[in-house]
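[1] got a structure for you, letters missing:
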């Protein structure tokens, strides 16, 4: 892949768990065609994408009168970084990303996704407008 080449794919679907696998499969295909993404980078980034998408599906609430929540995912791979832009049409949520911590109970199954994502990403941001927009970024390790 040329030094400045970026490869992206976009996926649209309903906020159902099947979209997670669809996005991860597309990401795997991008990595295969992008000049040797390190296994660690690929696995860590896929983990974060999976956690954020699953949270969007599990916790998203449709706007009053809306039939369903839609999700748009754009995943990009270039020689320097892995990026994802995840947008939904759910009601905006209020999450403080700067003060996350793991649950006290080690057996607790929920409450870990955002913490794990911040640990494996170099950047995680959320914005709201007519839904929620998550930006995920991981710099590729040498």
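    Ah, there it is. Computed from a predicted model, the values in this text were never measured in an experiment.
[2] Going by C-alpha atoms from here, please, whenever you check contacts or count neighbours.
    Will do.
[3] Do you have the helices of this structure handy? List them.
    Taking DSSP state H, the helices of the chain run over residues 18-32, 39-59, 113-120.
[4] and the shortest one, how far from the chain's centre?
    This means helix 113-120. Going by CA atoms, centre = their mean, to the nearest Å, the spacing between the C-alpha centre of helix 113-120 and its chain's C-alpha centre is 11 Å.
[5] buried sites along it?
    Residues of helix 113-120 classed as buried: 113, 114, 115, 116, 117, 118, 120 (neighbour count, 16 or more other CA atoms under 10 Å).
[6] Next, count neighbours for residue 42.
    Residue 42 has 17 neighbouring residues, counting by other CA atoms under 10 Å.
[7] Tell me which residues touch it, please.
    28, 31 (CA atoms under 8 Å, 6 or more residues apart in numbering).
[8] if I look at it, how far off is residue 99?
    26 Å (CA to CA, to the nearest Å).
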